[in-house]
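# how would this look folded up:
(one chain, ligands or ions: 1)
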Amino acid sequence: MIELRDALVTAWTPDPAGGPDTVTRLLGPVSTTIAERRVAVVGANGSGKSTLARLLNGLVLPSAGSVVVDGLSTAHDGPAVRRRVGFVFTDPDAQLVMPTPVEDVALSLRRTVPDSTEREARARDALARVGLADRADLPVHALSGGQRQLLALTSVLATDPDVLVCDEPTTLLDLRWRGVVDDLLASLPQQVVVVTHDLDAARRAERVLVVDEGLVVHDGPPAEAVAAYESLMRSPSRR
Ligand SMILES: Nc1ncnc2c1ncn2[C@@H]1O[C@H](COP(=O)(O)OP(=O)(O)OP(=O)(O)O)[C@@H](O)[C@H]1O
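Numbers count the residues shown, from 1 in each chain. Alright, predicted model coming up:
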């Protein structure tokens, strides 16, 4: 369970004219408990969705308030929180660090599987389960964008997180690969929080948070929340 308690994120913005830096509010304060298994976060570009997602595993720390995952604070128990909460970026290249898929997945297994032969076998099994067995030894850059996103997901899942936070995991993918990644996410036993611009995907969640100008402005069942978001985007002040 993830709890945000008056979580506020601010940033210092330099003054191009050389004056004093100013403090800008990026998100919050947000207070909410996220316990549902399938949660979507929607909102306009620049509304604060990624900031909210990054708060959930401590990639961004609150400037005030707190974010607590299963009783662990992201500010004080960062490594333990990150072991529980896996994070998938929009661009898989932001997180694939090894030359080949099998090495990348094996790297994620290093904490839990000390033996290197066993680790490689497990990595190959994990890749086979997502249909990437025949890509296991290719250079990562030879994989398609969809295959790389699937690999990034497989590597994060190999760390066995309790929660998966995905920041627009299908934005760069074509329709077919979007379906593959959506199906994989839907099949997971873990709690999954997905930031998305895909309103069909949001409608399949149990709960949808609508973020606007750094605040959660709507929070509820998908049909209601997506309708609220669409109406917000259609408002004349947006044009
Ligand atoms: N470290 C930072 N310093 C200053 N401003 C920042 C910082 N991080 C994010 N921002 C600003 O905060 C706002 C929210 O950014 P965020 O990435 O959370 O939006 P988003 O809703 O995920 O957008 P998109 O859909 O375009 O990815 C943006 O205006 C962004 O420029």
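# doesn't residue 201 make contact with residue 40?
Yes: between residue 40 and residue 201 there is a contact at 6.6 Å, judged by CB atoms under 8 Å. All C-beta atoms are positioned from the backbone trio N, CA, C, and that covers glycine.
# any shared contact partners between those two?
By CB atoms under 8 Å, 6 or more residues apart in numbering, residue 40 and residue 201 have these common neighbours: residue 194.
# neighbour-wise, which of those two wins?
Using other CB atoms under 10 Å as the criterion, residue 40 and residue 201 rank with residue 40 on top: 26 against 21.
# is that one in a bridge, and if so with what?
residue 194, residue 208 (DSSP bridges).
# For the remainder of this discussion, apply numbering that starts at 45.
Let's use 45 as the start, then, which means that last one is residue 84.
# Can you check what pLDDT the model gives it?
As predicted, residue 84 sits at a pLDDT of 98.
# Report all helices and strands that the helix-or-strand element of the chain with minimal mean pLDDT contacts.
Ranked by mean pLDDT, DSSP states H and E, the weakest helix or strand in the chain is helix 219-231, scoring a mean of 91. If contacts are counted by 3 or more CB pairs under 8 Å, 6 or more residues apart in numbering; DSSP states H and E, helix 219-231 sits against helix 189-202.
# Show me what counts as buried in the helix it packs on.
190-202 (16 or more other CB atoms under 10 Å).
# in the protein, which residue is closest to the centre?
In the chain, the centroid-proximal residue (CA atoms, centre = their mean) is residue 210; its distance is 2.2 Å.
# Tell me what it is bridged to.
Where residue 210 sits in a bridge, its partners, by DSSP bridges, are residue 132, residue 238.
# Pull up the gap between it and residue 70, please.
Using CB to CB, to the nearest Å, residue 210 is found at 20 Å from residue 70.
# any chance you could map the helices in the chain?
93-99, 122-128, 145-152, 160-173, 189-202, 219-231, 243-247, 266-278 (DSSP state H).
# How far away from the center of its chain is stretch 147-162?
Its chain's C-alpha centre and that of stretch 147-162 lie 23 Å apart, by CA atoms, centre = their mean, to the nearest Å.
# Equivalent analysis for stretch 115-131, please.
On CA atoms, centre = their mean, the centre of stretch 115-131 falls 14 Å from the chain's centre.
# Stretch 67-77 too?
The chain centroid and the centroid of stretch 67-77 are separated by 18 Å under CA atoms, centre = their mean.
# Now for residue 209, how many residues are close by?
Applying other CB under 10 Å, we find 27 residues neighbouring residue 209.
# Contact partners for it?
Neighbouring residues of residue 209 by CB under 8 Å, 6+ apart: 97, 100-101, 129-132, 236-239.
# ok, now how distant is it from residue 113?
Counting by CB to CB, the gap from residue 209 to residue 113 is 10 Å.
# sorry, back to before: distance to residue 144 and pLDDT for the contacts of residue 209 - can I get that in a markdown table?
Output for these, formatted as a markdown table (distance: CB to CB, whole Å; pLDDT from 0 to 100):
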| residue | distance to residue 144 | pLDDT |
| --- | --- | --- |
| 97 | 28 | 97 |
| 100 | 30 | 97 |
| 101 | 26 | 95 |
| 129 | 26 | 97 |
| 130 | 21 | 96 |
| 131 | 22 | 96 |
| 132 | 19 | 95 |
| 236 | 27 | 97 |
| 237 | 29 | 98 |
| 238 | 28 | 97 |
| 239 | 29 | 97 |
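# That'll do, ta.
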